[in-house]
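Enquirer: structure of the sequence below:
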Amino acid sequence: METKKATEAKVANPSPAQEEEVANAADSNGDSSPAPKILSETSAEQDSSEEEIGSSGKPTIQLLTGMKEDLAARIPLYRDDWKRPKNLFTVLNAIFFAFVVQLIPALIFAELLDKQTEGSLAVAEVLLSAGIIGVIYALLSGQPLVLLGITGPVAILLGKSYGLAEQYDANYFTFFWWLCIWTSILHLLTAALGLVETVWLITPFATQIFEFFIAMSFVFESIRDLVHDIHLGQAQSEERSAAYASLVIGILTFYICWTLHFAETWVSFSRQLRTFLTSYNMAIAVVIMTALSFLPGVAQDTDGLHGIKRVEIRRVPWDWKPTTEEGEEERPWVTHPLDGIDVKGIFGALFPAFMLYLLFFIDHNISSILTQAPKYRLKKPPAYHWDFFVLGLTIIPCGILGLPPGSGLIPQAPLHTRALCTRKHEVIDGVRREVVTHCEEQRWSALFQALLMFVALSLIVFISWIPVGCLFGVFLYLGVGAMHGNEIWERINLMFMYAKKRPPIPVVAKTSSWSVVRYYTAIQVGLASITFGIAQFATWGRIDGKSTVIRCHVSNLAFLFVMFGSGYVFPALIAIFVPFRLYVVSRFFSKQDLKYLDPVGESDEDYVAEQRELYKVDRDVDEAEVFHGFSELRMKDVDHNAIDYYEHHPDVEPPEEFAETVLRNRQRSSTSQKADELPVVEENPKTHGA
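Expert: Prediction:
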C-alpha cells in the first residue's frame with residue numbers, strides 16, 4: 001500500500017500519459033482553425049446557484065457503489081469507534097443528555113399514539129422500540145452519532161393510518177407487519193441503488209415548509225389536548241376542575257421550558273450552570289411540575305375517573321408484555337404475517353408504507369446531515385447510503401414485534417453531537433463565535449442512551465406519575481421552539497415591522513424588493529397550510545361502502561373532497577415540494593433573489609451571523625439561541641460521501657484500505673481540472689463544412 005506522501009506526489013505530478021491526454025484535447029480542433037474565442041463566463045455564473053442543488057457529480061442510480069464506498073471508508077475505523085474516549089466525562093454527560101432529550105418527547109408521542117391507535121401502540125411499545133432500534137443502529141451504522149427514535153411526524157402518520165386496516169378488514173398488527181416490511185424493502189432498495197444521492201436536491205424551501213408544518217401541528221395538537229377535557233357546561237365540577245388544573249400545569253411547564261431555553265444568554269450565574277439549565281430544561285420542567293401536582297389540595301386521580309390525568313400505564317410495574325386494553329385478549333409479541341389478512345390487505349399496506357418511506361427519507365437524511373455539519377469538525381467520513389440501509393434493517397424487528405419504527409431525530413441527533421464536542425470561543429472577523437476543537441467520535445454514547453430506554457421500562461412506575469398536562473406543555477414548547485427558529489415565521493414577523501426597522505439581513509437587504517419576499521413567503525405558508533389541513537382533518541370516509549373520498553371534519557361540519565388519499569399522504573406533499581421548487585418556483589423568481597430566499601449556498605457561520613443580527617444578540621451565540629431544526633439545513637461545505645470528505649480534509653489521512661480509492665479520485669479530479677482550464681473553442685461557421 002502506498003504512503004500518504006506517495007499519494008500526494010502522484011497527484012501533484014501527473015503521469016506523461018495524463019498530460020498527453022490533456023494536450024490531445026487541446027489540439028482536437030486542428031492547427032488550421034482560427035484563434036479560439038473565449039466564451040463569456042456570465043452564463044456559468046448565473047447557473048452557479050442552481051448547480052449547488054444536488055451537485056454530487058454522480059449518476060442518480062449506481063448499484064451498490066455508494067454502500068461499497070461507505071463500508072470501505074468506515075469498516076477500517078470501526079475498532080477505533082470502540083476505543084476509550086479522550087474525555088470520558090464528556091461522553092458520560094452526552095449519554096445522559098441524549099437519553100433525557102429523547103425520553104420526554106418519546107413519552108409525548110406515545111401519548112398521541114395511545115389515543116389514536118386505541119391503546120395498540122403506547123408508552124411501553126415506544127420506549128421498547130427506541131431501545132431496540134437504537135442498539136442496532138449504534139452497532140451497525142457507519143455514523144453512530146445519529147440518534148434514532150420516534151418523531152412527531154411518524155406519530156401523526158401512524159395514528160392517521162390506524163383506521164386503514166379496518167378498510168381492508170385486516171388485523172391491525174398483521175397489517176402493521178406488512179406496512180413495516182414494505183417500508184424496509186423500499187429503504188434497502190434505495191440504499192442499494194444509490195438513490196440516497198437525491199437528498200442533495202432538497203433545499204431550504206422544502207425543509208422550511210416541513211418544519212413550519214411540524215410546528216403548526218405540535219402547537220395545534222398540544223393546545224387541543226390541553227383544553228379538550230374542560231367541556232364547559234357538560235362535565236361535572238370535579239372533572240372540570242381537574243381539566244383546568246391540567247391546563248395550568250401545561251402552561252407552567254411550557255413557561256419553564258421556554259425561559260430556561262435561553263438560559264445561556266443570561267448574564268447571571270456561571271456558564272456551566274446556564275448550560276446545564278438550557279440542556280436539561282425539559283427534564284427540569286417535568287420534575288418541578290410533577291412534584292407540584294402532588295401538593296395537598298390538588299385533585300388526585302384515585303379512581304381512574306376523576307382528578308389530574310397522568311401518563312396511562314396499564315400494567316404497573318410493567319410485565320414486559322404488549323399493551324392491551326382492559327378486557328381484550330392479550331396479543332403475542334411475534335406477529336404472524338398471514339393471520340387475519342388477505343392479498344388485498346397485504347398490498348394495501350404498500351401505500352402507507354410508501355408514505356412512511358418518504359417521511360423517513362427526508363427526516364433521517366436531514367438529521368444525518370445536520371449531525372455531521374462542518375462546524376463539528378468531525379475526523380471520520382459520512383456513510384449516508386449504508387446508514388439508510390441499516391435504518392431499513394431496524395424497521396424489520398419493529399414490524400415483527402408490533403413496535404412503531406423510528407428514524408433520525410431532530411434536534412436530538414445534532415444536539416448529541418454538540419454534547420460530545422469540546423468548544424471554545426474565538427473572535428473571528430470581529431465577532432466572538434463558538435469553535436469546536438474536538439469531538440468524541442465513538443459508539444458508546446449512542447449505545448448506552450439506547451440501553452437506558454430499557455432501564456426506563458423497568459422504572460415505568462415513575463413515568464406513570466407524570467401529569468399528561470405536563471407532557472403537552474413540553475409539546476407546546478417543542479412547537480413554539482420550532483416556529484421560533486423557522487425562517488418562514490421570521491419573515492412573517494418582519495412583515496409587521498416598519499421598513500426602516502427591519503434588520504439588514506440578506507433576505508431584507510439583498511433581494512430585489514420586499515414584495516418578492518412577501519410572495520415567496522405566501523407560497524410557503526400556503527403549502528404548509530394545505531399540508532397541515534390534510535394531515536389533521538382528512539380521514540377516510542365511506543360512500544356506498546366504498547372508500548372513494550375523504551371526509552374533512554372542521555368543527556361540526558363535514559365536507560367531502562374527492563381525492564386519492566387520506567391524512568397520512570402529507571409526506572408525499574413534502575416530497576412534491578422539492579421538484580416544485582426546482583421547476584416551478586424558479587420560473588417566477590430570479591436566481592439572484594432565490595440565492596437569499598432559498599439559501600442553498602449559505603454556510604453555518606453565515607446562518608449564525610444572520611440569527612445574531614435578527615435577534616440583536618450581542619453576547620455569545622450558543623446553540624440555545626438557534627433552535628436545531630430543518631431550517632438550519634445548509635448544504636455548503638457538507639461532504640456528500642467519504643471521498644468528498646477526504647478531498648475537503650487533506651489533513652486527515654484516509655485508512656490504508658481506502659487510500660487507493662481516494663488516490664484515483666484525486667488523479668481524475670486533477671486531470672479534469674486541467675481539461676477545464678483549457679479555453680472553450682467556439683466553432684467558426686465559415687470553416688465548419690470544410
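
Enquirer: how about Cys398, nearest residue that isn't a chain neighbour?
Expert: Pro405 (4.2 Å; Cβ to Cβ, 6 or more residues apart in numbering). Just so you know, the C-beta spots here come from the backbone N, C-alpha and C atoms, and that holds for glycine as well.

Enquirer: check which helix or strand Arg433 maps to.
Expert: Using DSSP states H and E, Arg433 sits in strand 431-439.

Enquirer: neighbouring strands - and their directions - for that strand?
Expert: The strands that strand 431-439 pairs with in its sheet are strand 421-428 (antiparallel) (by DSSP bridges).

Enquirer: quick one: the residue nearest to Cys398 from Gly163, how far?
Expert: Here the criterion is Cβ to Cβ, to the nearest Å. By it, Pro405 lies 19 Å from Gly163.

Enquirer: what of Ala291?
Expert: Relative to Gly163, Ala291 is positioned 39 Å away (Cβ to Cβ).

Enquirer: and Pro105, by the same measure?
Expert: According to Cβ to Cβ, Pro105 stands 25 Å off from Gly163.

Enquirer: these two: which is more packed in?
Expert: Pro105 (22 against 17; other Cβ atoms under 10 Å).

Enquirer: shouldn't that one be within a strand?
Expert: No. Per DSSP: H, G, I helix; E, B strand; the rest coil, Pro105 lies outside any strand segment and is helix.

Enquirer: state the distance from it to Val123.
Expert: 13 Å.

Enquirer: and what of Phe354?
Expert: Taking Cβ to Cβ, one finds Phe354 at 28 Å from Val123.

Enquirer: now do Lys380
Expert: Distance, Lys380 to Val123, by Cβ to Cβ: 35 Å.

Enquirer: which one's more surrounded, those two?
Expert: Val123 (25 against 22).

Enquirer: what sits against the more buried one?
Expert: 107, 110-111, 114, 311-313, 323, 460, 463 (Cβ atoms under 8 Å, 6 or more residues apart in numbering).

Enquirer: neighbour-wise, which one of these leads?
Expert: Ala110 (27 neighbours).

Enquirer: surely that residue and Leu128 touch.
Expert: No. Here Ala110 lies out of contact with Leu128, judged by Cβ atoms under 8 Å, at a distance of 10.5 Å.

Enquirer: what about the helices in the stretch 501-650 of the chain?
Expert: Under the criterion DSSP state H, counting those that start in this stretch, the stretch 501-650 of the chain carries helices at the ranges 506-509, 514-537, 570-580, 586-588, 591-597, 604-615, 642-648.

Enquirer: just give me the lowest mean pLDDT stretch among those helices.
Expert: For those, the weakest mean pLDDT is recorded on helix 604-615, namely a mean of 66.

Enquirer: returning to what we had before: in the strand holding Arg433, what counts as buried?
Expert: Buried residues in strand 431-439, counted by 16 or more other Cβ atoms under 10 Å: 433-434, 436, 438-439.

Enquirer: for this protein, which spans come out with low pLDDT?
Expert: Across the chain, the ranges flagged by pLDDT under 70 are 1-61, 231-239, 297-306, 316-317, 325-328, 428-432, 538-567, 603-636, 666-690.

Enquirer: let me know the closest of the buried residues of strand 431-439 to Asp225.
Expert: Asp225 lies nearest to Glu434 out of the buried residues of strand 431-439, by Cβ to Cβ, at 36.9 Å.

Enquirer: what is the closest one paired to in the beta sheet?
Expert: His425.

Enquirer: and for the residue nearest to Cys180 when sequence neighbours are not counted, the neighbour number?
Expert: Leaving out its chain neighbours, the residue that sits closest to Cys180 by Cβ to Cβ, 6+ apart is Gly399, at 2.8 Å. Neighbourhood size, Gly399 [other Cβ under 10 Å]: 24.

Enquirer: again, but for the one 5 residues further on
Expert: Counted with other Cβ under 10 Å, the neighbours of Pro404 add up to 29.
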